[in-house]
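S.K.: A structural model of the following input is requested.
(one chain, ligands or ions: 3)
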Amino acid sequence: MTKDTSSPSSATETSIPTMGRFPVLDRVNYPADLRNFSPEQLNQLADELRAETIDAVSTTGGHLGASLGVIELTVALHAVFDTPDDRVIWDVGHQAYPHKILTGRRDRIRTLRQPGGLSGFTRRSESPYDPFGAAHSSTSISAGLGMATAHHLLAKKNPAYRERNVVAVIGDGSISAGMAYEAMNNAGAADGAASRLIVILNDNDMSIAPPVGAMSNYLSKLMSSRKFLGLRDLAGKMVKHLPSRLERTAKRAEELTRGIITGGTLFEELGFYYIGPVDGHDMNQLVPILRNLRDAETHGPILLHVITEKGRGYRPAESAGDKYHAVTKFNVVTGEQSKAPAGPPSYTAVFARELVARAATDEKIVAITAAMPSGTGLDKFAKTYPDRFFDVGIAEQHAVTFAAGMATEGFRPFCAIYSTFLQRAYDQVMHDVALQNLPVRFAIDRAGLVGADGATHAGSFDLNYLCCLPNMVVMAPSDEAELTHMTATAAAHDSGPIAFRYPRGAGTGLALPEQGEVLEIGRGRIVRQPNRNGGGKGGIAILSLGTRLGESLKAAEQLSAQGFVVTVADARFAKPIDTALVEQLARQHDVLITIEEGAVGGFGAQVVQHLANTGLLDQVRFRPMAMPDLYIDHNTPDAQHEQAGLTARHIVATAMTALGAGCSAAQQTA
Ligand SMILES: Cc1ncc(C[n+]2csc(CCOP(=O)(O)OP(=O)(O)O)c2C)c(N)n1
Ligand SMILES: CC(=O)[C@@H](O)[C@H](O)COP(=O)(O)O
Ligand SMILES: [Mg+2]
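M.R.: Numbers count the residues shown, from 1 in each chain. Ligands and ions are numbered 1, 2, ... in the order given. Presented below is the predicted three-dimensional model:
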């Protein structure tokens, strides 16, 4: 997967360079504009929409491959369904760029993922055509069933109410998650409530990496064992009155009694009416099929299985291993993506390097990812130790409990999951790991603010949800050398669960140690010790957790240039905190600032609790700095840190304000 390292342009640059080049697309501002198009016009619209999507993403970067795979489906859905009254829900939402273009957002499509611009995912506040916001996967069927049920209740009360069609489009990768099955389990038995729910399984045989698991194998078999449904087959299968659930169950019971196995699909067994597979790029099939579904007087939940190709219609994407899942800005003609200037290795790479090195001498180390092998760096581990690497699919909950199971048998599992996606597995972390004190190692990537993916992907809450769990050890490296040490520490920590969180992107560039050292649990370090020139107490202490240490040191320089005594310490551990260090800093300084890249209630809360319990809170002006109580939108990471108030400037201001509340002469002793 390619990383987006391009610097975003301003969201106010909203020119439409392709205007005039696309005569059919130019006529469409909203879906209503295309509903009377002829089949030829719809096909041409799809071609133009594809070209427009490619052109736009070439200037912004983003999730291109998935969008290219659903161009025809997007046009067909908006041509057939009465959106936004009929609801179309895009699972994950990373494939919704063409949908955005057709739903009144073409003039802003070149602001995608840029500061102040369109989100890279669906978002309710952006458009009525986005009935459900997403970015985390596998939510669409549940949300769709909820909407369908709500409409059903309204229709029951008011016979004049038109029950809306609800279409949930979910990918073959996303349907591996438990939530999708929970939803199907519910929908398949929901009787009338799910009667206008249509699930479209967009099967492109790709996740971010090639898909894994039995479900993926099953879909491949389903695909290869059946030819594409043509219109003639469909005529037989789809009549105006689709068989009711009761009729289907009766037919199935009768067939089973007679010993006939009709090859019913898993979806049929779950109570869905399965239609497919269908060529998802053939508009001339898609439109009549969708019309038929729309017009059917009764139907139960339906699963329409469409086969598509990720990256379709753009050769560089079609031939790329990752199908251009996520790209930087690129040259449309060559497909060449802009490269980040050579810089220090990413935190992800540093973690992977140390884990691979540790695994060489420790055969109990195993590594687990939930469908993010390249994003977590575990693809490197997989290459070296394929037997000890497990990609469990988009299934974070399962990943955690699977790791717990391995830990019970004496293995040393490293569960590498992005902070935001680990939220999915919280009960598993608590109930299956922490409560049983099992030594699962959580390598938590993308901690803190992540840039263009925005609030849905920010790793804001892991410190909060982990630090409150008994038995859990929580670390955060301040640089990549520290990450090496923490990886080693986690490997050596057999007495219970341990987590370490690190950010997206490049490290500081410092030389890496040959090998990580095992750190003493709960011990921080002082990294800047002021010269008190024989003076005693006073000044400012900054206790930083994680990679805000650089900003803390900058702030210290600025404050000491103004004559203040400043100590800077690297907490290393958010839990257990280094109580001796905290007490020392509180006793020796007038102001104690903590800083962390996480929501209020994480590391700072641990420190304040200790200060309060020891009475030290009454003796020091304590100022915890954490993220503000809001969701920070997509932007450059620097701008996000600025908005979060977590830069050197903010630390200085915090210190000055605290000092202004009663600055003593002792503080000026530097
Ligand atoms: C809960 C969760 N875990 C992981 C991800 C990261 N992720 C985003 S898209 C994606 C692959 C989705 O595959 P699929 O549904 O088949 O869609 P495609 O990209 O193939 O169109 C993954 C793993 C996520 N968004 N949400
Ligand atoms: C859509 C999605 O969830 C992923 O593709 C995500 O955008 C990856 O983020 P990174 O680029 O940080 O790996
Ligand atoms: Mg897919």
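
S.K.: other residues contacting stretch 503-518?
M.R.: Applying C-beta atoms under 8 Å, 6 or more residues apart in numbering, the contact partners of stretch 503-518 are 343-348, 350, 353-354, 357-358, 445-451, 459, 479-481, 483-489, 492, 546-547, 550, 597, 637. (Glycine included, C-beta is placed from N, CA and C.)

S.K.: distance between stretch 351-363 and the chain's centre?
M.R.: Centroid displacement of stretch 351-363 relative to its chain, using C-alpha atoms, centre = their mean, to the nearest Å, is 26 Å.

S.K.: cool, stretch 111-128 as well?
M.R.: Distance, centroid of stretch 111-128 to centroid of chain: 16 Å (C-alpha atoms, centre = their mean).

S.K.: buried ones in it?
M.R.: 111-115, 117-123, 126-127 (16 or more other C-beta atoms under 10 Å).

S.K.: hmm, residue 293 and residue 278 touching each other?
M.R.: No. Counting by C-beta atoms under 8 Å, residue 278 sits too far from residue 293 to count as a contact (11.3 Å).

S.K.: quick one: common contacting residues for these two?
M.R.: residue 304.

S.K.: helices of the stretch 101-250 of the chain, start to end?
M.R.: Per DSSP state H, counting those that start in this stretch, the stretch 101-250 of the chain carries helices over the ranges 140-157, 178-187, 214-225, 231-237, 245-257.

S.K.: near the closest residue to ligand 1 within the stretch 201-350 of the chain, how many other residues are there?
M.R.: At 3.9 Å from ligand 1, residue 207 is the closest residue in the stretch 201-350 of the chain, using C-beta to the nearest ligand atom. Residues lying near residue 207 (other C-beta atoms under 10 Å) number 24.

S.K.: which stretches of the stretch 451-600 of the chain form strands?
M.R.: 473-475, 498-501, 525-528, 540-544, 566-570, 573-575, 591-599 (DSSP state E, counting those that start in this stretch).

S.K.: after the last one, next one along is what?
M.R.: So that's strand 591-599. Next in sequence after strand 591-599, counting helices and strands by DSSP states H and E, comes helix 603-614.

S.K.: about what we covered before: what's the closest of the strands of the stretch 451-600 of the chain to ligand 2?
M.R.: It's strand 498-501; of the strands of the stretch 451-600 of the chain, that one is closest to ligand 2 (C-beta to the nearest ligand atom) at 14.2 Å.

S.K.: neighbouring contacts of that closest one?
M.R.: In contact with strand 498-501 (C-beta under 8 Å, 6+ apart) are residues 419, 439, 441-444, 447-448, 459, 462-463, 466, 472-477, 483, 486-487, 489-490, 546.

S.K.: what do you get for stretch 148-166?
M.R.: 81-82, 85-87, 89, 144-145, 147, 190, 192-198, 293-294.

S.K.: show the end-to-end separation of it, please.
M.R.: Terminal residues of stretch 148-166 lie 6 Å apart, using C-alpha to C-alpha, to the nearest Å.

S.K.: now the nearest residue to residue 400 once chain neighbours are set aside: phi and psi?
M.R.: Computed as C-beta to C-beta, 6 or more residues apart in numbering, the closest residue to residue 400 that is not its neighbour in sequence is residue 428, at 3.9 Å. Phi and psi for residue 428, reported as degrees, to the nearest 10, are phi -70, psi -40.
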